[in-house]
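# based on what follows, work out the 3D shape:
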Amino acid sequence: MHIGRWSVLMLLLLGWLWLSPGPPVWAQTAKGPVVMPKILEFDRKFCPVCKASELVIRAVKDRFPGQFDVEKLYIDEADVTFRRYKVAIVPTQVFVNAAGQEVARHEGVYKKEDLIQELRELKFIRE
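Numbers count the residues shown, from 1 in each chain. Predicted structure coming up:
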C-alpha cells in the first residue's frame, strides 16, 4: 500500500495538533488565579482547642464567602512552614495579605465577633 504525500502531511498535521499544548499564551483568554488574603491556621490534628478554632474560622469564612482564604497547616505535615513562621503554640492564626506578607498574628481561639473585627481592620472582608 502506498501512502501519498498529502496523506503524510495530513497525518503529521493531525499528530502535531493532538500533541500541542493548546493555543499560544497570547491567544488564551482565561485569567490567572485570583490572589486574596489568607489565614494560615496552624494546628495539630487531634487537638480539641484547634478544632474549636477551626469551627469559628469556618463560620466566619462561610459568612463572608470569596473574600479571604484559609489554609490549615498541621505540625506533623508542615514542620518547615511552622519553623518559617516561628509558630510556638497551636492554634495560631497568621494573617497574610494578597501580596503574601504577614500582617497580623493571633494565638489561641478567637471569639467569632473578635475575628470579624480583626478581618475588617485588616481589610480582608467587606460587608
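
# what's the weakest-modelled helix or strand in this structure?
Every helix and strand of the chain was ranked by mean pLDDT, DSSP states H and E. The lowest is helix 5-19, at a mean of 60.

# and the next element down the chain from that helix?
Going down the chain from helix 5-19, the next helix or strand is strand 38-43, by DSSP states H and E.

# contacts for that next one?
Here strand 38-43 makes contact (C-beta atoms under 8 Å, 6 or more residues apart in numbering) with 50, 53-54, 57, 68-75, 78, 81-82, 85, 87, 90-96, 124. Heads up, the C-betas are built off the backbone N, CA and C, glycines and all.

# of those residues, grab the buried ones for PyMOL.
Restricted to buried positions by 16 or more other C-beta atoms under 10 Å, the PyMOL selection for those reads:
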select buried, resi 50+53+54+57+68+69+72+73+74+75+78+81+82+85+87+90+91+92+93+94+95+96+124
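
# so which of the contacts of strand 38-43 belong to helices?
Of these, the ones assigned to helices by DSSP state H are 50, 53-54, 57, 81-82.

# make CSV out of these and add pLDDT.
Shown next, in CSV, are the ones in helices among the contacts of strand 38-43 (pLDDT from 0 to 100):
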residue, pLDDT
50, 96
53, 96
54, 96
57, 97
81, 93
82, 94
